[in-house]
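1. Need a 3D model of the sequence below.
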Amino acid sequence: MNSSNIPNTSPSASSASTERVVHLVEAASPQTCGTTLALLAMLRAEAGERSTVVLMGNSALSDLAEAAQLRGAHRVGVPFGRAVCGLPALRRVLSAVGPASQIVCWSAGSLLAARVLRPTTPRVMVAVQSIGSDAGRMVRWCLRWPGMGGTRVVTLGDALRTTLTNGPLRDWYEAVQPLPALALRPPVPSDARGVLRTRWGVSDERVKVVAMLADPPVVVDAQLGAIAASVARETLCDAGWPGQVAVLLHPDQWHRPRAQLMMENLGGHFPIVLEPKLATPWQVTAGCDLVMTMGPGAGGLALTSAMAAGLPIVAEPTPRVREWLTHNRNARLADSGEPRFLAHEITEMLSDPDSTGRLRLAARHTIAQRDEPIAPWLQALENCNPADTSANATAQTTAGHADEKPSAGKSADASSHDPDRRAPGYS
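-> Sure, this is the predicted structure:
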C-alpha cells in the first residue's frame, strides 16, 4: 500500500468512474488502532467496490492495516501522520479518486481536512471511542459551519453517544447518531497459543497471562493493572496456589516504565511481557488466560474480540462495558477506581476454574448469538441526504448561539463571541 496505488486520473478514467464513498484514516488519531481498522475492513468487505480507503501516514500504518486485513487501500504520506498537515497531498489523492458521494472520516483531523478540501461533499465522522478537547473543538467547528455538504457524527453504540454529548460535543445531541455496537470475530489460529507463550518466555501453563486490553491499548494505566495482578497473585499464593501471574503490556502503554520499575523493586518475581501486537488483540489472545480492561478505553471492539476468543474477562463497569457484560453472567465486574477491587475479581477468576469456564462460555455465546447489525452501518456510511444534514446543522447552530449575546459595540457574529469561530488545528 503506497501512493503508487492511486488510481488513474485521466479524463477517460474519470468519466467512466462512478461516485463512491471515500474513507479517510490518519495515523495521528488515537482512534487509528488495529481494532478500528478491522471494523473498517469488515464494513468495506460488505460494501465491495463502492468504497475507497485513503490511509494518511507512514509504512507503520500500512502494516497495521495489513494485520487488520484491510487491503487495497491507498496510502499517502503526510507530515506527522496528521491530515491537516498534508492538505496538498490529500487534495491530489482526492482528485485522483474522483467524485465522492460521501466522505467517511475516522478522526476529527480527517473530518476537518475533508471540510476544508471538499466543502460541498457530505461528510460523516465515525467515533469508536471518546475524543479529547482539541478533537472536540474540531468536530464542533465542522458541525457549526458544515458547508453545503453537511456534517454528521455516528458512534459505536449508545453509551459512546452519551459520553460525547455529555462532554466534548455538549449541545450537539441531535447531530450525533448512535449505531448498533458491532463485535469483532477475527479468526484465531489453533496452534497460536504454544507459539505465543514460547516467544513470551512463559511456556509453563501454570503461569497465567493477564492481558490489559483497551481501544487503543496504550490508554490503559499499566501501573494500576500491574498492581491489581500482583495483589491477586500474593493473595492466591498465601492460599497455597502453585501458579504465577504475568501481565501482557503494549510497549507504549501508559505508565509502562513505572510498572516495570515497581515490579523490579519487588524482586523480579512478577514477570511483565511486552507485546506490540496487543494493538491487534486477536493476534495474541490465544496465548492469554485472562483479560483485564479498565478506564476510558474499556469496552469497545477490543473487548468483543476477547469475548469471541472465549477469554475470561475482568473489567470496570463503564457504560461501554455494560453494553456487553453483566457481572457474574459472562464476566466479573469490579468497582471502578481501586486496583484492589480488580485484584479481588482476578483472584476469584483464577481460584475457581469451574466458574471461570462458565463465564468464558457465556461471553462467547453472547457474541455468537448476537445478529450483526451491519445494515444500519452501511446505510449510514454509504447513503447520505445533504438536505437533512444541512437542516440539522442549521438547527444546531441556532441552538448553539442561543446563549451567545454580543457585547456593546460589536456585531453578533464577531469571532470574539465564539471560541469555535476560527478554524481549529492541532495543539
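2. When you work out contacts or count neighbours from here on, use the C-alpha atoms and nothing else.
-> OK.
3. so where do the strands sit in the stretch 151-300 of the chain?
-> 151-156, 176-179, 207-212, 244-249, 272-274, 290-293 (DSSP state E, counting those that start in this stretch).
4. Mind putting the ones you listed into JSON lines with distance to residue 68?
-> Shown next, in JSON lines, are the strands of the stretch 151-300 of the chain (distance: least, C-alpha to C-alpha, whole Å):
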{"stretch": "strand 151-156", "distance to residue 68": "18"}
{"stretch": "strand 176-179", "distance to residue 68": "22"}
{"stretch": "strand 207-212", "distance to residue 68": "19"}
{"stretch": "strand 244-249", "distance to residue 68": "20"}
{"stretch": "strand 272-274", "distance to residue 68": "20"}
{"stretch": "strand 290-293", "distance to residue 68": "20"}
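5. can you redo these as CSV with distance to residue 238 and mean pLDDT?
-> Below are the strands of the stretch 151-300 of the chain laid out as CSV (distance: least, C-alpha to C-alpha, whole Å; pLDDT from 0 to 100):
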stretch, distance to residue 238, mean pLDDT
strand 151-156, 43, 94
strand 176-179, 47, 93
strand 207-212, 16, 93
strand 244-249, 12, 91
strand 272-274, 21, 92
strand 290-293, 21, 94
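6. show me what contacts residue 85?
-> By C-alpha atoms under 8 Å, 6 or more residues apart in numbering, the contact set of residue 85 is 78-79.
7. Need the distance between the two termini of stretch 255-272.
-> By C-alpha to C-alpha, to the nearest Å, the extent of stretch 255-272 from end to end equals 13 Å.
8. which other residues reach it?
-> 221-223, 226, 230, 244-249.
9. Distance from the chain centre to it, please.
-> Stretch 255-272 has its C-alpha centroid displaced from the chain centroid by 28 Å (C-alpha atoms, centre = their mean, to the nearest Å).
10. cool, and stretch 197-208?
-> Averaging C-alpha positions (C-alpha atoms, centre = their mean) puts stretch 197-208 29 Å from its chain's average.
11. Which residues in that stretch does the neighbour count mark as buried?
-> 197, 200, 202, 207-208 (16 or more other C-alpha atoms under 10 Å).
12. between those, which is closest to residue 214?
-> For those, the minimum distance to residue 214 (C-alpha to C-alpha) is 19.3 Å, reached by residue 208.
13. Tell me the spacing between the closest one and residue 306.
-> For residue 208, the distance to residue 306 - C-alpha to C-alpha - is 16 Å.
14. Going along the chain, name the strands of the stretch 301-427 of the chain.
-> If DSSP E, counting those that start in this stretch is used as the criterion, the strands of the stretch 301-427 of the chain fall at 313-315, 332-333.
15. In JSON lines: these, plus mean pLDDT.
-> Formatted as JSON lines, these follow (pLDDT from 0 to 100):
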{"stretch": "strand 313-315", "mean pLDDT": "95"}
{"stretch": "strand 332-333", "mean pLDDT": "95"}
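16. Would you mind finding the most buried of the ones you listed?
-> Ranked by average neighbour count under the criterion mean count of other C-alpha atoms under 10 Å, the strands of the stretch 301-427 of the chain are headed by strand 313-315 at a mean of 28.
17. That strand pairs with which strands, and in what direction?
-> strand 290-293 (parallel), strand 332-333 (parallel) (DSSP bridges).
18. Any chance of those strands in a markdown table with distance to residue 365 as columns?
-> Output for these, formatted as a markdown table (distance: least, C-alpha to C-alpha, whole Å):
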| stretch | distance to residue 365 |
| --- | --- |
| strand 290-293 | 17 |
| strand 332-333 | 16 |
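19. In three-state terms, how would the nearest residue to residue 382 once chain neighbours are set aside be classified?
-> Nearest non-adjacent residue to residue 382, counting by C-alpha to C-alpha, 6 or more residues apart in numbering: residue 21, 6.3 Å away. Following DSSP: H, G, I helix; E, B strand; the rest coil, residue 21 is assigned to strand.
20. what pLDDT does the closest residue to residue 224 other than its chain neighbours get?
-> Among residues not flanking residue 224 along the chain, residue 339 sits closest, at 5.9 Å (C-alpha to C-alpha, 6+ apart). Residue 339 carries a pLDDT score of 89 in this model.
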